[in-house]
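[1] 3D, please:
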Amino acid sequence: MRIAVLADVHGNLPALRAVAAQLDSEPVDAIVVAGDVCGGPLTRDALELLSARPEPVHWIAGNSERETVAVFDGAEISDDAAGRAAAWSSGQLDRRWRDALAVWPIALTLDGVCFCHGSPRRDDEILTRGTPDGALAEALAAVPQALVVGGHTHQQLIRHAREGVVYANAGSIGLPYEGSPDAFWMLVADGAPQLRETSYDRTAALAELRGSGFPDLDDHLDGSLVSPVDPGWVTAFFEHTAGRRPHPGDPRPPD
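    Numbering: from 1, shown residues only. Coordinates of the predicted model:
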């Protein structure tokens, strides 16, 4: 079975459109949407594009879906980038989409592979290229499948997690932290993960995304599409956020 894993779109419709075009020419048997379609400029359009695909689509909720549904339901909006992104995304949803997002699982199994967003136990668990072996093994200790595929940290990886278990990250379609603005995703073919990358017109994409009216768009895209940041710094930053590594410092000199 050939499964396309599409994670962390974050409302970047042009990037998603490019990957969808690639899937049109390289057919798959199913699509797993591994969380965080929400939390970006063209959330509703991205959801509609995915739901219209001819392949069976299996949906996983990321932390952005959880936060978007909470705002839709009246939760207080935090005064930070994540809060503003959730507020924007919730404003693009109707009741039908709100109800759909609310019941998406945080993990599912398809063709013997476990798919998730952060980890099978938490939608916001941080697992990176630099996560210590013991922490990675502990996060996946309850998983019986031989392959676990997630997202959330916006960087592709394939690594041994524990005896008989491989962890792979599909990367991010919409906000990659790879040092490149391309769209990153994964193909799982008969249980084997393959890292994929799709190029698209960044200039045209930025113009389309800026036309959305999304608040603080350049800040939202900084580090990925606008000025790609060093991938090693991002890994260190996420590990610091998880409490496993000292803060790496600002990757850019002050003005």
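[2] in what helix or strand does Leu209 lie?
    helix 202-210 (DSSP states H and E).
[3] which residues of the protein score low on pLDDT?
    Residues of the chain that meet the criterion pLDDT under 70 lie in 251-255.
[4] that one: strands as residue ranges?
    2-6, 30-34, 57-60, 107-110, 113-116, 147-150, 157-162, 165-169, 183-189, 192-198 (DSSP state E).
[5] now those strands as a markdown table including distance to Pro228 and mean neighbour count?
    Backbone N, C-alpha and C define where each C-beta goes, glycine included. Formatted as a markdown table, the strands of the chain follow (distance: least, CB to CB, whole Å; neighbours: other CB atoms under 10 Å):
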| stretch | distance to Pro228 | mean neighbour count |
| --- | --- | --- |
| strand 2-6 | 20 | 25 |
| strand 30-34 | 22 | 25 |
| strand 57-60 | 26 | 20 |
| strand 107-110 | 30 | 18 |
| strand 113-116 | 26 | 26 |
| strand 147-150 | 22 | 25 |
| strand 157-162 | 17 | 16 |
| strand 165-169 | 17 | 23 |
| strand 183-189 | 12 | 24 |
| strand 192-198 | 13 | 16 |
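[6] can I get the ones you listed in CSV including distance to His247?
    Output for the strands of the chain, formatted as CSV (distance: least, CB to CB, whole Å):
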stretch, distance to His247
strand 2-6, 31
strand 30-34, 28
strand 57-60, 30
strand 107-110, 30
strand 113-116, 27
strand 147-150, 24
strand 157-162, 22
strand 165-169, 22
strand 183-189, 25
strand 192-198, 28
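[7] the ones you listed: which one's closest to Gly134?
    For Gly134, the closest of the strands of the chain is strand 157-162, at 9.4 Å, according to CB to CB.
[8] so what strands line up beside the closest one?
    If you go by DSSP bridges, strand 157-162 pairs up with strand 165-169 (antiparallel).
[9] got the angle for the partner strand vs strand 192-198?
    10 degrees (axes from the mean of the first three to the mean of the last three CA atoms, to 10 degrees).
[10] what angle separates strand 165-169 from strand 183-189?
    Using the same axes, to 10 degrees: strand 165-169 against strand 183-189 is 150 degrees.
[11] what's the offset of strand 165-169 from the middle of its chain?
    The chain centre lies 15 Å from the centre of strand 165-169; the measure is CA atoms, centre = their mean, to the nearest Å.
[12] surely Trp97 is in contact with Leu47?
    Yes: between Trp97 and Leu47 there is a contact at 6.2 Å, judged by CB atoms under 8 Å.
[13] what's the neighbour count on Ser89?
    Ser89: 31 surrounding residues under other CB atoms under 10 Å.
[14] got it, and the one 5 residues further on?
    Neighbours of Asp94 under the rule other CB under 10 Å: 9.
[15] re earlier: which of the strands of the chain sits closest to Ala70?
    Closest to Ala70 of the strands of the chain is strand 57-60 (CB to CB; 17.3 Å).
[16] name every strand pairing with the closest one and say which way it goes.
    Strand pairing for strand 57-60, determined by DSSP bridges: strand 30-34 (parallel).
[17] just want the angle from the strand it pairs with to strand 2-6.
    Going by the same axes, to 10 degrees, strand 30-34 makes 30 degrees with strand 2-6.
[18] CA atoms of strand 30-34 as PDB?
    The C-alpha trace of strand 30-34 is given here as PDB (Å, rounded to 0.1, in the frame of the first residue of the first chain):
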ATOM      1  CA  ALA A  30      -4.500   6.700   0.700                       C
ATOM      2  CA  ILE A  31      -3.600  10.000   2.200                       C
ATOM      3  CA  VAL A  32      -3.000  10.500   5.900                       C
ATOM      4  CA  VAL A  33      -3.300  14.200   7.000                       C
ATOM      5  CA  ALA A  34      -1.100  14.200  10.000                       C
END
